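**Student:** compute the structure for the input listed below.
(6 chains)
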Protein chains: 4
Amino acid sequence: MVQDNGRPRSRRLPRAVRERQILDAAVEVFAAHGFHAASMDEISEVAGISKPMLYAYLGTKDELFVACIRREAARLIEAIGTAVEAGLNPAEQLWRGLRVFFEYVQENQAGWSVLHRQANVQGDPFVSELSEWRERATSLIAALLARATEGSAQPMQAEQTEPFAAALVGAGEALVEWWFEHPEHAADGMAMRLMNMVWMGFSDLVEGRSWTPKS
Amino acid sequence: MVQDNGRPRSRRLPRAVRERQILDAAVEVFAAHGFHAASMDEISEVAGISKPMLYAYLGTKDELFVACIRREAARLIEAIGTAVEAGLNPAEQLWRGLRVFFEYVQENQAGWSVLHRQANVQGDPFVSELSEWRERATSLIAALLARATEGSAQPMQAEQTEPFAAALVGAGEALVEWWFEHPEHAADGMAMRLMNMVWMGFSDLVEGRSWTPKS
Amino acid sequence: MVQDNGRPRSRRLPRAVRERQILDAAVEVFAAHGFHAASMDEISEVAGISKPMLYAYLGTKDELFVACIRREAARLIEAIGTAVEAGLNPAEQLWRGLRVFFEYVQENQAGWSVLHRQANVQGDPFVSELSEWRERATSLIAALLARATEGSAQPMQAEQTEPFAAALVGAGEALVEWWFEHPEHAADGMAMRLMNMVWMGFSDLVEGRSWTPKS
Amino acid sequence: MVQDNGRPRSRRLPRAVRERQILDAAVEVFAAHGFHAASMDEISEVAGISKPMLYAYLGTKDELFVACIRREAARLIEAIGTAVEAGLNPAEQLWRGLRVFFEYVQENQAGWSVLHRQANVQGDPFVSELSEWRERATSLIAALLARATEGSAQPMQAEQTEPFAAALVGAGEALVEWWFEHPEHAADGMAMRLMNMVWMGFSDLVEGRSWTPKS
DNA sequence: TATGAATGAGGCTTCATTCAT
DNA sequence: CATGAATGAAGCCTCATTCAT
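**Tutor:** Purely as a prediction, here's the structure:
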C-alpha cells in the first residue's frame, strides 16, 4: 500500500538512506516543537515510516535527539573549518568563517534551531553532547585567535583566547536571533557586522575605524 | 513517605509569602529540568505545599512559568538599569552594567538559567514574554551605545546600535556559560574581559591596548 | 469588610433566611451547569457566604442537591394542588392545574430545570428523591382523572389512570421543552394545547372537535 | 488486580470490532452513572481495553459521548421509520411506530437511558447533538400527524402538529419510565395504552370509545 | 523486514471537604 | 459565628515504547 502524503512510502531502502530520511524528519520536528513537545509519532509520520522502524534504526527518543545534535554540529563545524583553512591571514580566516556561519544558518534553520535552542534544555544525555560541540566550535576559533597574536609582543594564551572565542560564538548566536527578526539583511552583511564588532571594538567604531574585506 | 527537604512545611502563611515561596521553588525546578520536564508535582513538593495551593496561587503551569520569567527579568533589568544610571560616561556606564550583570548571574544562577535557557520554549505565551524581556535588555544597552556616539562625527542610528547590543548580550550570555565551567574567576574579572572585548576589539587587544576602570 | 459584588455580605441573619439564600443560589447554579459541573465554590460565591458556612447549613453537595429538589417539588406540587382544588368539575380542574403548571414553569425556570433535567442523573441519593416527586405529581393527576370517571359506566381503576397521568406529566414536560424554543406563545395558550390533546385526543381534533374553557 | 468481568480481554482485534465493543461499553457506563459521573477508566475497563486505545479509537470523553448518542439515536429513528412506512393509514402507522418504540426500549434500556436521560447535559457539543435527534424524532411524528389530517376540512399546519408530536414523544418517554416500575406489562400493551391516549383522548376513553388494531 | 495494535506510566488540573484562626 | 488557607483523591489525556502478526 502507498502512503497518501506525497512521498510514497518506499520500502527496502539501504540503511544509510533511511537513516538520513529519519534524521531529516527528526530535526524538522524537534526544531518545530522542541525536544519534549516533539512526539515520536509525528517524527515517524514525517519520516514516512512506522514507529517500530524508527526505533529499530535510531533507538530511543534520547538517542535520536543526540544523533540529530551530532549530525548538525558536525556539518556546521566542518563547513566553518573548511572555510577558515582557506583564509590567508587571521583576519581573513575569521571573516571567511563568519560568512560561512551565517550562510549555513540561513540555509539550515531547522538544524540550527536544534543546536542553538533545543539542545539547551537540561537533562542528562544532552548537556555533554552539547558542550562537546560548543567546545569544538570554541577551540576552532580560539586557535584562530591564537595564531593572530603569535607574532605580537605578548602572544595570548589559551586562557585568554578561549573566553574570547566563547564570547564570539555567543555574539554570533545572538546576532542570528536578531537576524531572524530582521530578515531583510543579507548573510554577508551580518558577517560584516560581527566582524567589525569583534575585530575593531566599539571605541574604534565610534571613531570611524572599521574593517573591510579585501577580496 | 516523609517530607525531608530541610524547610519545615510551615502552615497558614499569608498569601504573599506563599507566592514568593512558590516562585522560588518554581524557578529552581524549571532551571533544573527545563519547562517541559519540570513537573508541577515536584514544584509543589519543593515549595512545601500541596498542588491545589500551587494552582490557587499561581495558576496553570504556563502561567507559573510566565510569572517566573517575569520576575527574574524584572529583577535583572532593574539591577542593570540602576547600575548604568550611576555611571558618569558611556564607558563607565557599560562597565558598571556588565559588572552588575555578572554579579547578578553569580548569585542567581537558577533565575538566570530560566531566563537564558528554559525560556526558549515554543508556544504562544512564552515567546512574547521572552522577546519582551530580550527587547528591554537590548534597548537598554542600545541606548547606552547610542549615547556613546552622540558626540562623534557620525552618531550611530538604532539600526546600528541594536544589533550591536544584541550581540553584546549574546556574548555576555556565552561568557557566563564559559564562566560556569571555569568558576575560579571572579565576577569582576569576567566583566573586565567582556568590557575589553567590546570596547577595544580584538585588533586593539592584540596590540596591547586595553581598557581599565578608573574607580 | 464588605463583599464587593453588590449584595453586601450581611452577617448574623436568622438561620431560615440564610438557608433560603443558599437554596436560591444552589438552584441557580445547579440549573446553569448541572449537578456534577456545579461547584460548591460557585454556589458559595453566588450565595454570598463562605464554604464552611455552606457546609454548616446544608451539608454535603448531595444533601444540598436533595434539598433543592425537595423544595422545588414541594412548591410546584403545592401550586398545582391548590389550583386543582378550586375547579368545579374534572375538566376544569385539569385545566386549572395545567395553567398553573405552565405559569409556574415560566416564572421559575431554574427550579424547573433542576427538577426536570438535572435530577434525572442516576446516582444513589437522587433517584429516590426524584421518583417520590414524580409519584406525588402523578397521583395528584391520577386522582383527578379517577374522579372524572366516577359517574361513568366503567369507572377507571388506578391501574388505568396512573399510566395515563404519568404520560400526561411527560407530555407536559416535553411541551415545556418545546415552549422554550418557541417562547412567543403564552402560558395560557400552552395549557390550552395540552388540554385539548389530553381531553379530546387526536381523532377528535382532526374532526374539528375541541375543548374550550367556559370561564 | 485481575480483570474478571467475564469477557476475556481478547487482543489484536480489527479496528471496527473494537469500536463497537467500546461503544457498547460506553453506552452501558454512561447509562449507569450519567455523563459526568462516568469515568473513562471504568469505560475502558468494561470495554476490556486500555485507555490509550479508547482515546485512539473514539477520541475524548465528549466525542465518545456524542458517538454514543449518535449511534443510539440512529438505531431508534431507523427502527421507527421503517415500521411507520409499513403502515397503510395514519392510525396504523402510528400504532406500528409506537409498538416498535416500546420494543426497542425494552431491548435496549441502556441506549434509551443515554438518549432520554443522560443527554441532558449542558455544554456545547451535546445540546446540538441532542436537539438534532429530538428534532428528527419529532418531525417524523409530525409528518405522520400531518398526513392524518390531509383529507379533513382543516388540515393541520406544522405549527399545530409539531407541539403535538413533541408532547407525544414526551408522553412516550414518561410512559417508559412508568413501565420500568411496572415491568409486568408487555410492550404491546404499553403501545396500546399510548395509542389510545393519543388517538382517542380522555373524554372518549371515559365514554368507552377506544382504538384497537385490526391486524 | 515492516506495521497496526496495544499499554504502563505519568502529567496537568479540579473538586469536595476540612482545619486553624 | 465566620473564613482564608489547605489538601487527599480522582479524572482526563498523552506519550514513549513494544508485541504479535
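
**Student:** and stretch A:50-66 with DNA strand F, contact?
**Tutor:** Yes: using C-beta under 7 Å from any atom of the strand, stretch A:50-66 reaches DNA strand F at A:51, A:52, A:55, A:60, A:61, A:62. C-beta: built from backbone N, CA, C; applies to glycine.

**Student:** can you add pLDDT, neighbour count and secondary structure and give those back as CSV?
**Tutor:** Listed next are the residues of stretch A:50-66 next to DNA strand F as CSV, based on pLDDT from 0 to 100; neighbours: other C-beta atoms under 10 Å in any protein chain shown; DSSP: H, G, I helix; E, B strand; the rest coil:
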residue, pLDDT, neighbour count, secondary structure
A:51, 95, 13, helix
A:52, 95, 9, helix
A:55, 96, 15, helix
A:60, 95, 12, coil
A:61, 95, 18, helix
A:62, 93, 13, helix
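
**Student:** which of those sits closest to residue B:103?
**Tutor:** Of all these, residue B:103 sits closest to residue A:62, with 36.1 Å by C-beta to C-beta.

**Student:** how near is that closest one to residue A:129?
**Tutor:** Using C-beta to C-beta, to the nearest Å, one gets 10 Å for the distance from residue A:62 to residue A:129.

**Student:** shared neighbours, those two?
**Tutor:** In terms of C-beta atoms under 8 Å, 6 or more residues apart in numbering or on different chains, residue A:62 and residue A:129 are not both contacted by any residue.

**Student:** what angle separates the helix or strand residue A:169 falls within from helix B:158-181?
**Tutor:** Using DSSP states H and E, the element containing residue A:169 is helix A:158-181. Helix A:158-181 runs at 140 degrees relative to helix B:158-181, counting by axes from the mean of the first three to the mean of the last three C-alpha atoms, to 10 degrees.

**Student:** helix A:158-181 close to chain B?
**Tutor:** Yes: shown here: helix A:158-181 in contact with chain B (C-beta under 8 Å from any C-beta of the partner chain) through A:162-164, A:166-175, A:177-178.

**Student:** how about stretch A:81-89?
**Tutor:** No: Stretch A:81-89 stays clear of chain B (C-beta under 8 Å from any C-beta), getting no nearer than 12.1 Å.

**Student:** ok, and what's touching that stretch?
**Tutor:** A:93, A:94, A:95, A:96, A:97, A:99, A:100, A:140, A:144.

**Student:** for chain C, tell me which of these show up nearby.
**Tutor:** Near chain C, by the rule C-beta under 8 Å from any C-beta, you find none of these.

**Student:** tabulate the residues you listed (CSV), appending secondary structure and distance to residue D:117.
**Tutor:** Converted to CSV, those look like this (DSSP: H, G, I helix; E, B strand; the rest coil; distance: C-beta to C-beta, whole Å):
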residue, secondary structure, distance to residue D:117
A:93, helix, 80
A:94, helix, 77
A:95, helix, 78
A:96, helix, 77
A:97, helix, 73
A:99, helix, 73
A:100, helix, 71
A:140, helix, 73
A:144, helix, 78
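
**Student:** how about those in a markdown table, adding pLDDT and neighbour count?
**Tutor:** Shown next, in a markdown table, are the contacts of stretch A:81-89 (pLDDT from 0 to 100; neighbours: other C-beta atoms under 10 Å in any protein chain shown):
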| residue | pLDDT | neighbour count |
| --- | --- | --- |
| A:93 | 92 | 21 |
| A:94 | 90 | 24 |
| A:95 | 92 | 25 |
| A:96 | 95 | 21 |
| A:97 | 94 | 26 |
| A:99 | 96 | 20 |
| A:100 | 96 | 20 |
| A:140 | 91 | 16 |
| A:144 | 89 | 20 |
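
**Student:** low-confidence ranges in chain A?
**Tutor:** Applying pLDDT under 70 to chain A flags the ranges A:1-13, A:122-124, A:202-203, A:206, A:208, A:214-215.

**Student:** strands of chain A, start to end?
**Tutor:** Under the criterion DSSP state E, chain A carries no strands.

**Student:** domain parsing for chain A?
**Tutor:** Per the record, chain A has its domains at A:12-59, A:73-206, by automatic domain parsing.

**Student:** tell me how far residue A:133 lies from residue B:33.
**Tutor:** For residue A:133 relative to residue B:33 (C-beta to C-beta), the value is 21 Å.

**Student:** repeat for residue A:150
**Tutor:** In this view, residue A:150 and residue B:33 are 44 Å apart by C-beta to C-beta.

**Student:** okay, these two: which has more neighbours?
**Tutor:** Neighbours were counted for residue A:150 and for residue B:33 using other C-beta atoms under 10 Å in any protein chain shown; residue B:33 has more, 17 against 10.

**Student:** tell me who's in contact with the residue of chain A at minimum distance from chain D.
**Tutor:** At 10.7 Å from chain D, residue A:41 is the closest residue in chain A, using C-beta to the nearest C-beta. The neighbourhood of residue A:41, defined by C-beta under 8 Å, 6+ apart, consists of residue A:51.

**Student:** gap between stretch A:56-76 and the chain center?
**Tutor:** 14 Å (C-alpha atoms, centre = their mean, to the nearest Å).

**Student:** on that earlier part again, out of the domains of chain A, nearest to DNA strand E?
**Tutor:** Among the domains of chain A, domain A:12-59 comes nearest to DNA strand E, with 2.7 Å by C-beta to the nearest atom of the strand.

**Student:** would you mind listing what in chain A touches DNA strand F?
**Tutor:** So chain A meets DNA strand F at A:38, A:39, A:40, A:41, A:51, A:52, A:55, A:60, A:61, A:62 (C-beta under 7 Å from any atom of the strand).

**Student:** as CSV, the residues you listed with distance to residue C:193 would be great.
**Tutor:** Converted to CSV, those look like this (distance: C-beta to C-beta, whole Å):
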residue, distance to residue C:193
A:38, 61
A:39, 57
A:40, 62
A:41, 57
A:51, 61
A:52, 65
A:55, 67
A:60, 69
A:61, 66
A:62, 70
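
**Student:** please list which of those residues are also close to DNA strand E.
**Tutor:** Here is what survives when the residues of chain A next to DNA strand F are matched to DNA strand E using C-beta under 7 Å from any atom of the strand: A:51, A:52.

**Student:** tell me the contacts of residue A:130?
**Tutor:** A:69, A:119, A:120.

**Student:** quick one: mark the members of those that sit in helices.
**Tutor:** Counting by DSSP state H, the contacts of residue A:130 place residue A:69 in helices.

**Student:** could you dump the contacts of residue A:130 into a markdown table and include neighbour count?
**Tutor:** Below are the contacts of residue A:130 laid out as a markdown table (neighbours: other C-beta atoms under 10 Å in any protein chain shown):
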| residue | neighbour count |
| --- | --- |
| A:69 | 24 |
| A:119 | 25 |
| A:120 | 20 |
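
**Student:** returning to what we had before: buried subset of the residues of helix A:158-181 next to chain B as a PyMOL selection?
**Tutor:** The buried subset of those, as determined by 16 or more other C-beta atoms under 10 Å in any protein chain shown, is captured in PyMOL by this line:
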select buried, chain A and resi 162+163+164+166+167+168+169+170+171+172+173+174+175+177+178
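
**Student:** just flag the most distant two among the residues of helix A:158-181 next to chain B.
**Tutor:** The largest separation in these, counting by C-beta to C-beta, is between A:162 and A:178 at 24.7 Å.
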